[in-house]
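Asker: generate coordinates for the sequence data below:
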Amino acid sequence: MLDRFSVLAGGLDHPEGVCWDPVRGRVYAGGEAGQLYAIGLDGSVETVAQTGGFVLGVACDGAGRVYACDVGRGEIVRFDPATGSLETYASGDDGRRMRAPNWLAFGPDGSLYVTDSGDWGRRDGVIWCVEPGGRARIWTDRVDALPNGCCIDADERALLVIETNGERVTRVPIEADGSAGGPAVVAEVPSTTLDGILLATDGSILLPCYRPDGVLRLLPDGRVETLVEDPHAQVLGAPANAAFAGERLDRLVTSNLGRWHVAVGDVGLTGVPLCRPEIA
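Answerer: Below is the predicted model of the structure:
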């Protein structure tokens, strides 16, 4: 499977997060010094913004604006490619600031769920919910073992979260009033450093890893298999996150936190379209 992957764009600064923007037909990725890269599927690269921090997770709304977790600044920034503007979208509430915003995912109502990882090994992570417009509240503190990658599940009724220090995938129901239900473990994946999570249309869940250097696949029956692994970490070097890209969502793009490029490959799967709400 590794032979199906190649470098899409090089010369990047240890990209950790990637997302697909169907509005403009390009991939966004972040850099270690706060760069926000726009990458075409032809391999073209443009640095469209500089946050001054360290960009981790990235997501797009229905208008193609980019929301990025800046762990250096402890906030979510929003970039509008139509105007070139960059602004703080959310940084916490009146009593608490985000400490280590890591990944983010939109719900269908425009709520933005943000994992705040906390410190390694401390079990002090939380998940925020940011309402449309930027008002934030702590959504749950019960998923605390370094909450990392997250996504809305296929029926849009729960948030799936990677707990990296727990080596597991956790499901948190989204209750009718928007509150967080009780978390439940979906799968335990020992001896891994899980990082990202995304859904395929066949019902499987892809789990990009910081270690091992590859992508695991959680099957509907609960089995976990290796989808692709790079034992030399050259094409896939700490591929912390991934996104399905292209008009048919049939190309898998991975970040490579341990390298200087974004990779792309055909794994024979298509992605579940993400929620991309219209945000005022």
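
Asker: other residues contacting the one helix or strand Leu160 maps to?
Answerer: According to DSSP states H and E, Leu160 maps onto strand 158-163. For strand 158-163, the external contacting residues (CB atoms under 8 Å, 6 or more residues apart in numbering) are 105, 107, 113, 115, 125, 127, 143-153, 168-174, 180-181, 183, 186, 194-197, 205, 207. Using the backbone N, CA and C atoms, a C-beta is placed for each residue, glycine as well.

Asker: now do the next helix-or-strand element following that strand: which elements does it pack against?
Answerer: Following strand 158-163 in sequence order, the next helix or strand is strand 168-173 (DSSP H and E). Packing partners of strand 168-173 (3 or more CB pairs under 8 Å, 6 or more residues apart in numbering; DSSP states H and E): strand 158-163, strand 184-188.

Asker: pick the most deeply packed of the ones you listed.
Answerer: Stretch with highest mean neighbour count among these: strand 158-163 (a mean of 26; mean count of other CB atoms under 10 Å).

Asker: what lines up beside that one in the sheet?
Answerer: Strands that pair with strand 158-163, judged by DSSP bridges, come out as strand 147-152 (antiparallel), strand 168-173 (antiparallel).

Asker: name the stretch among those that sits most buried.
Answerer: Highest mean neighbour count of the strands paired with strand 158-163: strand 147-152, a mean of 26 (counted as mean count of other CB under 10 Å).

Asker: CA-only coordinates of it in CSV, if you can.
Answerer: What follows is strand 147-152, C-alpha atoms only, in CSV (Å, rounded to 0.1, in the frame of the first residue of the first chain):
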residue,chain,number,x,y,z
PRO,A,147,-8.0,14.3,23.7
ASN,A,148,-6.6,14.8,20.2
GLY,A,149,-8.2,14.1,16.8
CYS,A,150,-12.0,14.3,16.6
CYS,A,151,-14.8,14.0,14.1
ILE,A,152,-18.6,13.9,14.0
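
Asker: show me how far it is from its chain's centre.
Answerer: Its chain's average C-alpha position is 7 Å from that of strand 147-152, according to CA atoms, centre = their mean, to the nearest Å.

Asker: got it, and stretch 271-280?
Answerer: Offset of stretch 271-280 from its chain centre (CA atoms, centre = their mean): 13 Å.

Asker: gap between Ser255 and Gly10?
Answerer: 13 Å (CB to CB, to the nearest Å).

Asker: try Asp141
Answerer: To Gly10, Asp141 is 40 Å away according to CB to CB.

Asker: looking at stretch 36-45 now, give me its mean pLDDT.
Answerer: When pLDDT is averaged along stretch 36-45, the result is 98.

Asker: ok, residues contacting it?
Answerer: Looking at what lies outside stretch 36-45 - CB under 8 Å, 6+ apart - the contacts are 8-9, 11-12, 15, 24-31, 46-51, 55, 58, 66, 68, 79, 81, 245-246, 251, 262, 264.
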